[in-house]
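for reference, the sequence and a predicted model appear below.
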Protein chains: 2
Amino acid sequence: MKVAALSGGVGGAKLAEGLMRTGADLTVIANTGDDFEHLGLSVSPDIDSLVYALSGLADRERGWGRANESWSFMGALGALGGETWFNLGDLDLAMHVLRSERLAAGEPLSAVTAGFLGRLDVTARVIPATDQRLRTLVETESGRLAFQHYFVRERTAPRVTGFAFEGAEAARPAPGALEALQKAERIVICPSNPYISIDPILAVTGYRETVRDAVCVSPIIGGKAVKGPAAKMMSELGLEPSSLAVARHYRGLIRALVIDEADAHEAAAIEAEGVRAIVAPTLMAGPEDAERLARIVLEA
Amino acid sequence: MKVAALSGGVGGAKLAEGLMRTGADLTVIANTGDDFEHLGLSVSPDIDSLVYALSGLADRERGWGRANESWSFMGALGALGGETWFNLGDLDLAMHVLRSERLAAGEPLSAVTAGFLGRLDVTARVIPATDQRLRTLVETESGRLAFQHYFVRERTAPRVTGFAFEGAEAARPAPGALEALQKAERIVICPSNPYISIDPILAVTGYRETVRDAVCVSPIIGGKAVKGPAAKMMSELGLEPSSLAVARHYRGLIRALVIDEADAHEAAAIEAEGVRAIVAPTLMAGPEDAERLARIVLEA
């Protein structure tokens, strides 16, 4: 089955791994709004989470980065007076250094990413939302913050009032992304943060028009985000953190929302929005859980 | 005692450490002809050898790089298809990444280097030969090679016919370098390769005119270089590999040459060149040896 998925980082990457394990012909369109330049290196956190998950290199216990990671570089960097607020493992660094070198040589991000997947024998495709610059800015009560400053440096503390996606209007979908959506027998929106993982992709001209009848897995369980600030953001934006809020957010794009058993009571309200509610265990403790959830998504 | 030393990498760095241990007020002028761009990073091997030696971070047993080094980055880089012919340790990488970031931000190499030394509590100064681009090119029978390609990738195999120092004419000595030489009570030429470690420095306008009455430690013992291709180069250039050849090479710049006890028989020929020959044990197995040799140099 041809499957195209929109995904952010860790949570989305888990479902992407599950989708791959079903044997689906998978293309993942990755958020690049989190990308940033750090220490002169081009860092693409969501692409990397996807590459690590799909290649089996991810650290499942820590929940981000690579397994068997070491931190010698960070220690030495701090001793030399470098900025250490963003963790870069010794293994992970290879991706950033090589990507930076290739981007500087003029290779587009999509080609760099495809090159990494090929080297790691991953047959699923990961396509960046765009090869052009796209940057999520978080509007907060303390002002507008670059995404990683909000997310890592400020630990999501400032109250959010909105978002902006710098570069989205000028950006074009990376080669193959729209085609994958058009040809897909199933479009999936992964259980990623709607505001900062999926909306940046949808902000790039072409995606919102192409995503239709998708099946989404809610990132909210029992009023809380499994990981990250999605529920906190909903509250700050004046919404009740719930899968119902997710259904409303994606109105017109999705035809079904997979919600956790803990949220079965929301099913009627979600269906009243014209979105089919599918109740299932949505917490993914490991790749078997992810594959089980992926099968529910594909059979929806 | 105010001491200014010209130095290349490892061998020179050992003597520099010895000079520092004597309590001398030390300024080392470092070769930057070996510098190169690798994986998009600015690598300055001789500066780094000096910084590591003076800060006590050097790996004495391996003879290059940092102690307690790890190689996770290199393994991951190779798996992703990156170039692995030049070894970059996880700790060492911090220097390259931070230097590259600061150079890209417009900071001169001399300021970046001084910043590292300050962070590492090193009071001796290491000044790059120049803040401008200087690149040693090795003329060989297989053509002109960039230094690191000759040195690391080709393992010094091609027969050398000469050298060129790209950028030397346009380059200016980095701030403080000529002043340190002018004010020095002792100028030292470290036991570095004359052709590829010291000559690139001397090729930058201003140095050759300022270096006078220096004391040099010969890098040749018993017709062989302690490390590196100096003796091989001498042969290929039609010279007998010897301390006498070193004395002739530095004619007009040095007033004394410290030669190893194994080469005591060369003393008369060296003195016939108008250079005082000082016979001493010149092999530096550790910092105590280096300090002992440094005292001989300072008392010369």
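In hand now; what should we look at?

who's in contact with residue A:221?
A:260, A:262, A:263, A:282, A:283 (CB atoms under 8 Å, 6 or more residues apart in numbering or on different chains). Just so you know, the C-beta spots here come from the backbone N, C-alpha and C atoms, and that holds for glycine as well.

what subset of those is buried?
A:260, A:262, A:263, A:282 (16 or more other CB atoms under 10 Å in any protein chain shown).

narrow those to those in strands?
Residues from those lying in strands, with DSSP state E as the criterion: residue A:260.

closest to residue A:124 among the buried ones among the contacts of residue A:221?
Distance to residue A:124, by CB to CB, is smallest for residue A:282 among the buried ones among the contacts of residue A:221, at 21.1 Å.

tell me the contacts of the closest one?
Neighbours of residue A:282 in contact, by CB under 8 Å, 6+ apart: A:191, A:217, A:218, A:221, A:258, A:259, A:260, A:293.

residues touching the third one, list them.
For residue A:218, the contact set (CB under 8 Å, 6+ apart) comprises A:191, A:243, A:246, A:247, A:257, A:258, A:259, A:260, A:263, A:282.

interface residues of chain A facing chain B?
A:39-41, A:66, A:69-70, A:72-73, A:75-77, A:79-82, A:89-95, A:97-98, A:100-101, A:104, A:115-116, A:119-120 (CB under 8 Å from any CB of the partner chain).

that older thread, which of the contacts of residue A:218 tops the neighbour count?
residue A:191 (33 neighbours; other CB atoms under 10 Å in any protein chain shown).

that one is in contact with residue A:12, isn't it?
Yes: between residue A:191 and residue A:12 there is a contact at 6.5 Å, judged by CB atoms under 8 Å.

specify which member of the buried ones among the contacts of residue A:221 is nearest to chain B.
The nearest member of those to chain B, counting by CB to the nearest CB, is residue A:282 at 32.3 Å.

could you export the contacts of residue A:282 as a markdown table, including pLDDT?
Shown next, in a markdown table, are the contacts of residue A:282 (pLDDT from 0 to 100):
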| residue | pLDDT |
| --- | --- |
| A:191 | 97 |
| A:217 | 98 |
| A:218 | 98 |
| A:221 | 96 |
| A:258 | 98 |
| A:259 | 98 |
| A:260 | 97 |
| A:293 | 98 |
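
take the residues you listed and keep only those in strands.
Filtering these for strands - DSSP E - leaves A:217, A:221, A:258, A:259, A:260.

nearest to residue A:168 among those residues?
residue A:217 (24.2 Å).

contacting residues around that closest one?
Taking CB under 8 Å, 6+ apart as the test, what residue A:217 contacts is A:15, A:188, A:189, A:190, A:191, A:257, A:258, A:282, A:293, A:297.

what's the answer for residue A:29, then?
A:4-7, A:127-129, A:173, A:177, A:180-181, A:201, A:207.

now swap in residue A:177 and tell me
Applying CB under 8 Å, 6+ apart, the residues contacting residue A:177 are A:27, A:29, A:127, A:129, A:207.

scan these and report the most crowded one.
Busiest of those [other CB under 10 Å] is residue A:129, holding 32 neighbours.

quick one: pLDDT of that one?
With respect to pLDDT, residue A:129 scores 98.

just the element for the closest residue to it other than its chain neighbours, please.
Setting aside the residues directly before and after it, residue A:129 is nearest to residue A:201 in space (CB to CB, 6 or more residues apart in numbering or on different chains), at 4.3 Å. Using DSSP states H and E, residue A:201 falls within helix A:199-203.

that helix: what's the following helix or strand?
helix A:207-210.

chain center to that next one: distance?
17 Å (CA atoms, centre = their mean, to the nearest Å).

just stretch A:57-74 next, same as before
With CA atoms, centre = their mean, you get 18 Å for stretch A:57-74.

what do you get for stretch A:210-230?
With CA atoms, centre = their mean, you get 11 Å for stretch A:210-230.

and the nearest residue to residue A:163 once chain neighbours are set aside, how close does it get to residue B:48?
Nearest residue to residue A:163, sequence neighbours excluded (CB to CB, 6+ apart): residue A:195, at 5.7 Å. Distance of residue A:195 to residue B:48, given as CB to CB, to the nearest Å: 44 Å.

more neighbours, the two?
residue B:48 (25 against 19).

which stretch of helix or strand covers the residue nearest to the more buried one when sequence neighbours are not counted?
Nearest non-adjacent residue to residue B:48, counting by CB to CB, 6+ apart: residue B:95, 5.7 Å away. According to DSSP H and E, residue B:95 maps onto helix B:90-104.

for the record, mean pLDDT for that helix?
pLDDT averaged over helix B:90-104 gives 98.

then stretch A:239-252?
Computed over stretch A:239-252, the average pLDDT equals 96.

in that stretch, what counts as buried?
A:241, A:242, A:243, A:244, A:245, A:246, A:247, A:249, A:250.

and stretch A:281-290, by the same measure?
For stretch A:281-290, by 16+ other CB under 10 Å, it's A:282, A:284, A:287, A:289, A:290.

how about stretch A:211-221?
A:211, A:214, A:215, A:216, A:217, A:218, A:219, A:220, A:221.

may I have the beta-bridge partners of the second one?
Here residue A:214 sits in beta bridges with residue A:254, as judged by DSSP bridges.

isn't it up against residue A:252?
No: taking contacts as CB under 8 Å, residue A:214 lies outside contact range of residue A:252: 10.1 Å.
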